[in-house]
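Peer 1: I would like the atomic coordinates for the input below:
(one chain, ligands or ions: 1)
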Amino acid sequence: MDDTASNTERTAIRENFYAKIDSYNLAPLWERVHSSVTSGPNSPAKPAHWSYDDEVRPFLMQAGGLITAKEATRRVLILENPGLRGRASITQSLFAGLQLILPGEVAPAHRHTQSALRFIIEGKGAYTAVEGERAVMEPGDFVITPNWAWHDHGNETDQPMVWMDGLDTPIIRLLDANFTEMADADRHELNRPAGDSLARYGANMLPVDWQPISRNSPVFAYPYARSRETLTAMARNGDPDPCHGLKMRFISPASGDAPMPTIGAFMQLLPEAFTTGPYRSVVASSSRRV
Ligand SMILES: [Fe+2]
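Peer 2: Numbering: from 1, shown residues only. Take a look at the predicted model:
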């Protein structure tokens, strides 16, 4: 370009060039790199708070009267991040929602490429079955349904059951690999007694010669009673971390890594009257008070 061209002329020539290459599906990276590569974290997701008792629960119960679980397939209110409206996401990489299962309702057996976790919020006695093992759930329990694992759930109690679903849907969407398969029967065949995976893999021992077939945890239900007992003992036995209080990672006992490769999960106890110190990281998280 001529060195004597004015800034206005230079801009016009460049804009003209950009317009010309646009029809060939070409674009100048130098015009975009500043917004796509920043010197620090720059997420569109915003901090947000949903009040379960005052806001979410009443709407969820209203939804229970508006649509059956069968009609809705999944009767879930999405916790949609205010910075990501329309994208069914709570963070750039995670979906979160609250699912209501009324007495007598079942979700037929299915499997999908998304990995899902579940924190039980309300109700006691409904079940989830994963790969042939059933777990009866209660508040605070943590349950995983790893990618492509058959699962079904139902509520045979007389109380509503609510849990928080967390899925890696945005990651799977990014990979164009979002699909599901319904089983022939409503319930997948049970082939192990309840509690088998926890007994087999969750007691600081593993069956000799056992080898993992995936990076997903071989334990799929982590009962709240055990998590709580651990945190309570730790609170009794030592000082809390000044930033985290008492915070434990859920792990796969086979690897020490997160129970599923794409989603981490934690259980945190804040002692009474404890105030956390300031802390920041690039990890996006959602939390639920039990
Ligand atoms: Fe599912």
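Peer 1: hey, where'd the strands end up in the stretch 1-150 of the chain?
Peer 2: Ranges of strands within the stretch 1-150 of the chain are 76-78, 95-101, 106-112, 116-122, 127-130, 133-136, 142-145, based on DSSP state E, counting those that start in this stretch.
Peer 1: Most tightly packed of the ones you listed?
Peer 2: Mean neighbours per residue, mean count of other CB atoms under 10 Å, is largest over the strands of the stretch 1-150 of the chain for strand 142-145, with a mean of 24. Just so you know, the C-beta spots here come from the backbone N, C-alpha and C atoms, and that holds for glycine as well.
Peer 1: Outside of that one itself, list whatever touches it.
Peer 2: Identification of contacts with strand 142-145 by CB atoms under 8 Å, 6 or more residues apart in numbering yields 115-120, 128, 130, 135, 137, 151, 163, 216-217, 220-222, 224, 227, 250, 259-260, 265, 267.
Peer 1: picking that back up, could you export the strands of the stretch 1-150 of the chain as CSV, including mean pLDDT and distance to residue 180?
Peer 2: Output for the strands of the stretch 1-150 of the chain, formatted as CSV (pLDDT from 0 to 100; distance: least, CB to CB, whole Å):
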stretch, mean pLDDT, distance to residue 180
strand 76-78, 96, 15
strand 95-101, 95, 14
strand 106-112, 90, 4
strand 116-122, 96, 11
strand 127-130, 94, 15
strand 133-136, 95, 21
strand 142-145, 97, 12
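Peer 1: quick one: which of those strands is nearest residue 239?
Peer 2: strand 142-145 (25.5 Å; CB to CB).
Peer 1: just checking, what packs against the following helix or strand past the closest one?
Peer 2: Along the chain past strand 142-145, the next helix or strand (assigned with DSSP states H and E) turns out to be strand 151-154. Packing contacts for strand 151-154, counted by 3 or more CB pairs under 8 Å, 6 or more residues apart in numbering; DSSP states H and E, involve strand 106-112, strand 127-130.
Peer 1: Export the ones you listed as JSON lines, with columns for distance to residue 6.
Peer 2: JSON lines is the format used below for the helices and strands packed on strand 151-154 (distance: least, CB to CB, whole Å):
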{"stretch": "strand 106-112", "distance to residue 6": "58"}
{"stretch": "strand 127-130", "distance to residue 6": "68"}
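Peer 1: Any idea which of those gets closest to residue 82?
Peer 2: strand 106-112 (27.0 Å).
Peer 1: Report the angle between that closest one and strand 95-101.
Peer 2: In terms of direction (axes from the mean of the first three to the mean of the last three CA atoms, to 10 degrees), strand 106-112 departs from strand 95-101 by 150 degrees.
Peer 1: Give me the contacts around strand 106-112.
Peer 2: Here strand 106-112 has contacts from 69, 74, 101, 129, 147-155, 178-183, 185-188, using CB under 8 Å, 6+ apart.
Peer 1: Give me the buried entries from these.
Peer 2: 69, 101, 129, 147, 149-155, 188 (16 or more other CB atoms under 10 Å).
Peer 1: Now for those: which two are most distant?
Peer 2: So, the buried ones among the contacts of strand 106-112 by CB to CB: farthest apart are 147 and 155, at 24.5 Å.
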